[in-house]
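Trainee: Dropping a prediction and its sequence here:
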Amino acid sequence: MFATTPDQELLERTTARFLEDRYPVSRLRELADRTSTFDPAVWREGAALGWTSLLVAEGAGGGSVSGNGVADLQVVASLFGLHAAPGPLLGTNVVAAALARWGTPEQQAGPLAALLAGEAAGAWGHATTVGAPGGRRRVVTATPAADGAVVLSGSVATVEGAAEATHLLVTADAPGGPSQHLVPLDAAGVSLTALRGVDLTRRYARVDLHDVALPAGSRVGAPGEADEHDEQLVDLLAAVLTAEMVGAVQRAFTTTLEWTVDRYSFGRPLGSYQAIKHRLADARTQLEASEAVAARAAEALGAGAPDGRAWASAAMAHVAARAPEIVQECVQLHGGIGVTYELDLHLYLRRVVVDSQLYGSATDFARRLGRLVADDEGRAA
Amino acid sequence: MFATTPDQELLERTTARFLEDRYPVSRLRELADRTSTFDPAVWREGAALGWTSLLVAEGAGGGSVSGNGVADLQVVASLFGLHAAPGPLLGTNVVAAALARWGTPEQQAGPLAALLAGEAAGAWGHATTVGAPGGRRRVVTATPAADGAVVLSGSVATVEGAAEATHLLVTADAPGGPSQHLVPLDAAGVSLTALRGVDLTRRYARVDLHDVALPAGSRVGAPGEADEHDEQLVDLLAAVLTAEMVGAVQRAFTTTLEWTVDRYSFGRPLGSYQAIKHRLADARTQLEASEAVAARAAEALGAGAPDGRAWASAAMAHVAARAPEIVQECVQLHGGIGVTYELDLHLYLRRVVVDSQLYGSATDFARRLGRLVADDEGRAA
Amino acid sequence: MSDEQESVEEFAARARTWLAANMPPADPTAGYFSFHEDPADSQAHADRRIAVCRDLQARLFDGGFAGICVPRQYGGQALTPAHQAAFNRELRGYDHPLEIQVSTFIPCMAVLLELGTEDQKLRHIPKMLRGEEVWAQFLSEPSGGSDAAGALTTAVRDGDQWVLNGSKIWTTGGWYSDWAMCLARTNWDVEKHRGLTVFSFPVSAEGVDVQHIQLLNGSREFCQEFLTDVVVDDRDRIGEVDEGWTVMGRWLYHERTVAGGSPYVTTAGAKSAALPNDGPAIAALARRGGNLDDPAVLEAVGEARALSMVSEAMVGSVSRKMASGALPQHAAAMLRLFSGTATTRRTTLALDVAGHEAVVWEPGDEQLASVGLGYLVRQAAQIGGGTVEMARNVISERLLGMPREQRNDGGPFRDVPRGPAAG
Amino acid sequence: MSDEQESVEEFAARARTWLAANMPPADPTAGYFSFHEDPADSQAHADRRIAVCRDLQARLFDGGFAGICVPRQYGGQALTPAHQAAFNRELRGYDHPLEIQVSTFIPCMAVLLELGTEDQKLRHIPKMLRGEEVWAQFLSEPSGGSDAAGALTTAVRDGDQWVLNGSKIWTTGGWYSDWAMCLARTNWDVEKHRGLTVFSFPVSAEGVDVQHIQLLNGSREFCQEFLTDVVVDDRDRIGEVDEGWTVMGRWLYHERTVAGGSPYVTTAGAKSAALPNDGPAIAALARRGGNLDDPAVLEAVGEARALSMVSEAMVGSVSRKMASGALPQHAAAMLRLFSGTATTRRTTLALDVAGHEAVVWEPGDEQLASVGLGYLVRQAAQIGGGTVEMARNVISERLLGMPREQRNDGGPFRDVPRGPAAG
């Protein structure tokens, strides 16, 4: 869907083939009952295909295939949506991006290199408040100790893949202002509580930090920069999430279109009824619109354009609102079978429901964009 | 639409016949170009039919036809919507209700009696804030003078029929708390500025009050009661507005259904296309729902039920959201002719657009209901 | 042998006394949160509840309050709909066998009363009234969608018996039911509505395989049945051979009276207030999430509450209009359409307000899980009991008189196109 | 006689210099607030603007920048689409004759270039390029709706002339146009697409009566024309007799290039930012109304802005996909559908935010009046230029390959049902 250059098409083909092979629907249904869905071997192979390096500059050991790593990562993410695939794609890439942009040489040589190689996985303790109320509140504090060391305490509500990740990136309130820290998940004082959720193959945990002592050099970026850095990571995540939702919607739409051709009602194909035709026309159009704005966000972010944040927000505001509605429309057109566990459709519904809510909803991102517009207006006035 | 008793049916028949005769569409189109659309003779005849007395207890000179004057007034209001009729129906009935409920014997013997007889018309300086932001702000203050007299100053933003009314009911900030006052519109210091608007046959003005000296006895109700009284008047108005919108939608729907039967496209009636059938089914259902909830609000308010405010709010929240959408759907099904001045459809569109915004929007009333629910919850918790 | 009939008032007084002494109070929290993180819970939950219902129904029978409008010879009380209505009013606040009213009493007992043989009535109705026979409807089929008359399940005559083969779906509680009423095709060579026949048989009959269907919220109460050479006595046939569509007319009529007005149903009406995703429930979510002061959240609470209130007002007003003849019976399709879309919208509002907390939650947090899992089955409100699309067809064609959809299902049913999916 | 072609870069540099010396700057506030409390203003406004456009077009011609892709013998520059695109880029910030590009150049001039006679090209195209001939499209008919091929306007041959009778509607600026391109029926006895012919004639011809149509926002720029025995020379016929639908294929193709990609249009593209009902405009309304701090209002501002941004992204991406063949040309219907529904939604958001201030306003308050009156014509965005319903048909049938709608308009056009309304 998102590939536009020959190199991206190659990435798309190899990733698609790999995911089809490793994560057919039968495998996803097995994983649904497992406590852990993480397969280190699969993940290392994915890293070899390029999944972990796209947001990381070549100088830091990464590399994009098209010159725009955000757009490249959309190619991969859309296929994760299309296959409802597990794997720490979001957390690892976000943490890698943060380390590549703001990490110390030691962080880049150590944890980042391991993430790039697929030997380690990252988890993001997403703690910004996109839009105001209902956003996650930050409840981690960092207390300075001797020799630049720091002690972290608090709780991070909903962390994807925390149980399998090696490093957690989390923002803490600190004397010098909010700061990002890289927390080894095996550090003393870190405890995890497994959570339940709608997605069948992604696992989440609450991460509690009880006086976790970190040595000097755990901070990522300068003190006080974390809020802006978190916003930048939200921008990147928006590009990735929207692409993943587009992939999931694409799968739901395609199978539903086939269903309306094959299914007969009163001696006519379901798809010959105009009311159904028009609704699929609307769905197809919204899918195209979603792909267009998601791709445009990646274009702007990858180019470092000043309106990147506006595009990322517009993409989430639009796609997170439309994607679940399109898939629910697909459920409706299937009739009763559409709400059963037996039909595969729900795999894609689950994915878009989580993606459209967990890191900020369409409403939150619409408000974020609205605030950008209002601020511009205010400056112009 | 709203008549359920034989007496209400009589009121409906006589009112319908009278409005058809006095306000055919050709007459409305003439009035559209006039500065004033008020016809005192027609209004006196309407008063004789009962239009002005329904919210007033018999003891105060009024009388309902069914025992529930709010429901009776819905019968009349729905016909005002169906005929897009002019006339100070809203203002006169609201002011009459206020005087009947809280007025002094002198106010009832004087202004109220004139309103009931159709010799005078009322205007309401609607000043409550339904829902919080975007609502009208109160900017009239009352300063006590000697002998119980009072001096009013300020401005009332949008008063329907102010130019033809004899009395304005307005709430002012006063030392004893917000109070309602009855202001003769010919008093010294009252000035009007004619406004423009979407409705073709209703006229609005801004009323400025420059040190308007009122004698003792101009206050309606006790000091400090005005906020609750205004809320009660908003409840009544909600019942009337929703009925008027239902009438206007009924007309738009009926003519559109006929159009889809008569109009052919590709050799088939427009109404044989399933996409159009389904949209009219939705519209018909929303119309029925709107009528049902509006009638239920009148039932509750007329009976003085404790959930009257909730029903009135639910009715406006729902009808003000749906009515304009149904009429716009009717426009859409007419195609290009639907947005022309030539087709009569816009008469009803204009009416529902104004009714659904001027005294508080669907959003405002949804918030009002939400606050009632939240307060209940809070008490229960 | 006929007694002087007891007045409604006397009857109501007697019922009041009896209820206080014999029936347990209702549990207001029960029933509505039908989400099950572990699907096995769903089945166990239903089993427990049906056992309670059978017991409660037996108590009603023993107390002389079962089958209030059913003739005495079949175990009923031979009273009037007014007596039943009075009893239902008195029933408020008491637990009662709500879950077996639909299917067992409407439509199954109602259809037997109207179209069953004397033998069928005597064999089944007393047992139904004693809670001993719970009936299921074997009606929808996997290939059927909205087209009930397109049944493919086939019954072939073999002397005094019939042999049934095929599959039925969307049966509520197939596994705990005792008997089934089943629509089957007995003639493939005539027009589709003319080759159908209705049968009844025990769910435990040989060749009946009941499978649970798991829904996305963990519910396993719906079933699919596979019928393989199921042998049915001709005396268990309901109505004439190939006249099944006539039976279906009454079957569907009685099924629709679930919205109100049936003389055969013992219910205190919808359990009030605590609907999931109504305004108060959403306000509770928002209070928990700390965003009840957000005006957009207040608006969502108000919108959800308004939708419930409009539904309530509309059921009352449309029912009255249908009763008075101001609206035809087809107007009921507007209730179905409105409630379907309104429920969907409320489900969405609840998710919007709960947000991220409803897609990932602490184990055991039933309130948030029900929002997230409830959203997954959101469309059930627009599918179950007839899709909203069918309702829109009915409204436009029957109520508004717009042209009917073209149908390709005339002629011998054998030749009706069924598409590659029906292969 | 052929010169060495100027490179695009040289041409652009020359254009830059010329524009700075010869064209006035654009007025960023002009054009979009097309509301007119007094409808007479609408006509006067259009008259003034068209006079300006004619002058600007003449300047372009005199400067050697008119008809950049038109052959020299018809007054053009015989350069490439790349030159036109470069000129359009340079044009940003300058006023230019935008309002006469559609109709005069696309589709009319484009159709003449492809299908006109040499005589027709020589007579008309130079005048078009000089701003002397503004053309109108006499295409839609009052009875026609979405069915252009259902034209009832009839042309009857009379020797070397034709006599036209009928009515056309939705002509932009019929009264200020000089010539019209007109679709008419020349044969009622064949299938509907096979009996049509295209003509051209002066709008001032005897028997052409142009009437203004007043829209709900006060605009009077659309017209309806009544044709009564209008005599047209056969040399003004475009294309073959009864082959009008072939001409229409190109006519409609060129009309659709208004979204972009035409080599015959001189435009700097959509005037940016200040669209009515885009996010910034709604934020300005809210700032005025004092409710910009309401989170629901911020959300509305964001939603409106997002819709505009999505439209922009989608135009770019779908155009690219159509150009590369990744999507068929019919995919353009998705752009039409999205922009129609998005514009409608933005109009609604603006009204929601402005609220009561947009339904009753102080005289002369153009900002608020445009919101209220704009809402009245909201559906125009889903009607004009082909309804969204037709777009949904095209998307489902042509793009998704779903079954076509049943049509009852085969056979001789004379016998096609036209309904009581067409009486």
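Mentor: Received it, and whenever you're ready, just let me know what you need.
Trainee: for chain A, which helix is longest?
Mentor: helix A:226-262 (DSSP state H).
Trainee: That helix close to chain C?
Mentor: Yes: using CB under 8 Å from any CB of the partner chain, helix A:226-262 reaches chain C at A:259, A:262. For glycine as for every other residue, the C-beta is placed from the backbone atoms N, C-alpha and C.
Trainee: Now residue A:25. Nearest residue, chain neighbours left out?
Mentor: residue A:344 (5.3 Å; CB to CB, 6 or more residues apart in numbering or on different chains).
Trainee: Give the residue spans of the stretch 201-350 of chain C that score low on pLDDT.
Mentor: C:259-260, C:269-275 (pLDDT under 70).
Trainee: 50 instead, please
Mentor: C:271-273 (pLDDT under 50).
Trainee: Near chain A, which residues of it are found?
Mentor: C:213, C:214, C:215, C:216, C:289, C:290, C:291, C:293, C:294, C:296, C:297.
Trainee: residue ranges of the strands in chain A, please?
Mentor: Counting by DSSP state E, chain A has strands at residues A:122-125, A:140-144, A:150-160, A:167-172, A:179-184, A:190-194, A:196-197, A:204-214, A:219-220, A:264-265, A:268-269.
Trainee: would you list those in CSV and tack on mean neighbour count, distance to residue B:282 and mean pLDDT?
Mentor: As requested, the strands of chain A are exported to CSV (neighbours: other CB atoms under 10 Å in any protein chain shown; distance: least, CB to CB, whole Å; pLDDT from 0 to 100):
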stretch, mean neighbour count, distance to residue B:282, mean pLDDT
strand A:122-125, 28, 43, 95
strand A:140-144, 19, 49, 94
strand A:150-160, 21, 38, 93
strand A:167-172, 27, 47, 95
strand A:179-184, 24, 50, 96
strand A:190-194, 14, 44, 97
strand A:196-197, 19, 35, 94
strand A:204-214, 20, 39, 96
strand A:219-220, 24, 53, 96
strand A:264-265, 26, 20, 90
strand A:268-269, 19, 22, 92
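Trainee: Chain B: which of the ones you listed is closest?
Mentor: Taking CB to the nearest CB, strand A:268-269 is the member of those nearest to chain B, at 11.0 Å.
Trainee: and the closest one, which strands flank it?
Mentor: According to DSSP bridges, strand A:268-269 forms sheet pairs with strand A:264-265 (antiparallel).
Trainee: Please name the nearest non-neighbouring residue to residue C:288.
Mentor: Nearest to residue C:288 is residue C:367, by CB to CB, 6+ apart, at 7.6 Å.
Trainee: Can you pull the phi/psi pair for that neighbour?
Mentor: Per-residue torsions, residue C:367: phi -60, psi -50 (degrees, to the nearest 10).
Trainee: By residue count, what's the longest helix in chain C?
Mentor: helix C:295-324.
Trainee: Let me know the angle separating that one from helix D:295-324.
Mentor: For helix C:295-324 against helix D:295-324, the angle by axes from the mean of the first three to the mean of the last three CA atoms, to 10 degrees is 90 degrees.
Trainee: how about helix C:295-324 against chain B, any contact?
Mentor: Yes: using CB under 8 Å from any CB, helix C:295-324 comes into contact with chain B via C:295, C:297-303, C:305-307, C:309-310, C:312-314, C:316-318.
Trainee: who touches the residue nearest to residue C:40 when sequence neighbours are not counted in this structure?
Mentor: Nearest in space to residue C:40, with sequence neighbours left out and distances taken as CB to CB, 6+ apart, is residue C:220 at 7.7 Å. For residue C:220, the contact set (CB atoms under 8 Å, 6 or more residues apart in numbering or on different chains) comprises C:36, C:39, C:40, C:42, C:43, C:46, C:212, C:213, C:214.
Trainee: which of those residues count as buried?
Mentor: Buried subset of those (neighbour count, 16 or more other CB atoms under 10 Å in any protein chain shown): C:36, C:42, C:43, C:46, C:212, C:213, C:214.
Trainee: is it true that the fifth one touches residue C:46?
Mentor: No: if you go by CB atoms under 8 Å, residue C:212 and residue C:46 don't touch, sitting 10.0 Å apart.
Trainee: what's residue A:32 sitting at in phi/psi?
Mentor: Per degrees, to the nearest 10, the backbone of residue A:32 is at phi -60, psi -30.
Trainee: quick revisit: how much does the helix or strand that the longest helix of chain C is followed by deviate in direction from helix C:295-324?
Mentor: Using DSSP states H and E, the next helix or strand after helix C:295-324 towards the C-terminus is helix C:332-354. Relative orientation of helix C:332-354 and helix C:295-324, computed by the same axes, to 10 degrees: 170 degrees.
Trainee: right, quick check: the next helix or strand after helix C:332-354 against chain A, any contact?
Mentor: As assigned by DSSP H and E, the chain's next helix or strand after helix C:332-354 is strand C:360-361. Yes: using CB under 8 Å from any CB, we find that strand C:360-361 touches chain A at C:360, C:361.
Trainee: Give the partner strands of strand C:360-361 in its sheet and their orientations.
Mentor: When pairs are called by DSSP bridges, strand C:360-361 turns out to pair with strand A:196-197 (antiparallel).
Trainee: The closest residue to residue C:130 other than its chain neighbours: which element?
Mentor: Excluding the flanking residues, the one nearest residue C:130 by CB to CB, 6+ apart is residue C:61, at 4.7 Å. Assigned by DSSP H and E, residue C:61 belongs to helix C:39-63.
Trainee: Give me the next element, helix or strand, following that helix.
Mentor: helix C:81-90.
Trainee: name the helices or strands packed onto that next one?
Mentor: Under the contact criterion of 3 or more CB pairs under 8 Å, 6 or more residues apart in numbering or on different chains; DSSP states H and E, helix C:81-90 touches helix C:8-22.
Trainee: Can you tell me, leaving aside adjacent residues, what's nearest to residue C:80?
Mentor: Using CB to CB, 6+ apart, the closest residue to residue C:80 is residue C:69 (6.7 Å).
Trainee: contacting residues around the one you found?
Mentor: Per CB under 8 Å, 6+ apart, neighbours of residue C:69: C:76, C:77, C:78, C:79, C:80, C:81, C:83, C:84, C:263, C:264.
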